[in-house]
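J.: Mind folding the following:
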Amino acid sequence: MTQKERLYLQCETFIGNRLKILQNAINEIQKALLFETKSTAGDKHETGRAMLQLEREKLGQQLAEIQKTKELLSRVDSQKESNTICLGSIVYTTRLNYFISISAGELIDNNVKFYAISPNTPIAKLLLSKRKGDVIEFREEKSVIISTV
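T.: So this is what the prediction gives:
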């Protein structure tokens, strides 16, 4: 298995874990709404119910975001190699290493630290279309692109 495939799998696991947590929270709210329905009537009941509905809407928005993230990750081709940095690239710089895919934070592969970043992030926007040897400046610090995979 290639390094890109291992990083991809870590990103898939990240999304899967977030999805499980979110689905559990949605299930808990559904149960709470059923309980609220069986509760006594009155203002307290209506306020509690409204708060649960708002929470459910918020979780629904988070679920939609996770679906978008999952879709973005599905567009990463772990077999593709390119001389210019694009979605799916692993980028080694003099400062940090990146996996251009989704925003999943820090990943470790064979004791090497990578940051999984979305193409929408400011650092990714600087990296996209660059090549080995190019220099980027982010937050007043320069980095040289050592290699890309």
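
J.: Quick check: closest non-adjacent residue to the most centrally placed residue in the chain.
T.: Geometric centre of the chain, nearest residue: Ser103, 3.4 Å, by Cα atoms, centre = their mean. The spatially closest residue to Ser103, leaving aside those adjacent along the chain, is Ser118, at 4.4 Å (Cβ to Cβ, 6 or more residues apart in numbering). The C-beta positions use only the backbone N, C-alpha and C, and glycine is treated the same way.

J.: quick one: that neighbour and Leu87, what's the gap?
T.: 9 Å (Cβ to Cβ, to the nearest Å).

J.: okay, and the common contacts of these two?
T.: Leu72, Ile100, Ser101 (Cβ atoms under 8 Å, 6 or more residues apart in numbering).

J.: Now the last one, what are its backbone angles?
T.: Recorded main-chain torsions at Ser101 are phi -150, psi -90, according to degrees, to the nearest 10.

J.: Now do the contacts for Ser118.
T.: Thr69, Leu72, Ile100, Ser101, Ile102, Ser103, Ala124.

J.: Tell me the first helix or strand C-terminal of the least confident helix or strand in the chain by mean pLDDT.
T.: In the chain, the helix or strand scored least confidently by mean pLDDT, DSSP states H and E is helix 43-74, which has a mean of 87. The C-terminal neighbour of helix 43-74 among helices and strands, as given by DSSP states H and E, is strand 90-93.

J.: contacts for that next one?
T.: Among residues not part of strand 90-93, those counted as contacts by Cβ under 8 Å, 6+ apart are 3-4, 7, 85, 97-100, 114, 127, 136, 143-149.

J.: Direction included, what does that strand pair up with?
T.: strand 97-100 (antiparallel), strand 141-148 (antiparallel) (DSSP bridges).

J.: The closest residue to Val144 other than its chain neighbours: how many residues sit nearby?
T.: Nearest in space to Val144, with sequence neighbours left out and distances taken as Cβ to Cβ, 6+ apart, is Thr94 at 4.7 Å. Neighbours of Thr94 under the rule other Cβ atoms under 10 Å: 11.
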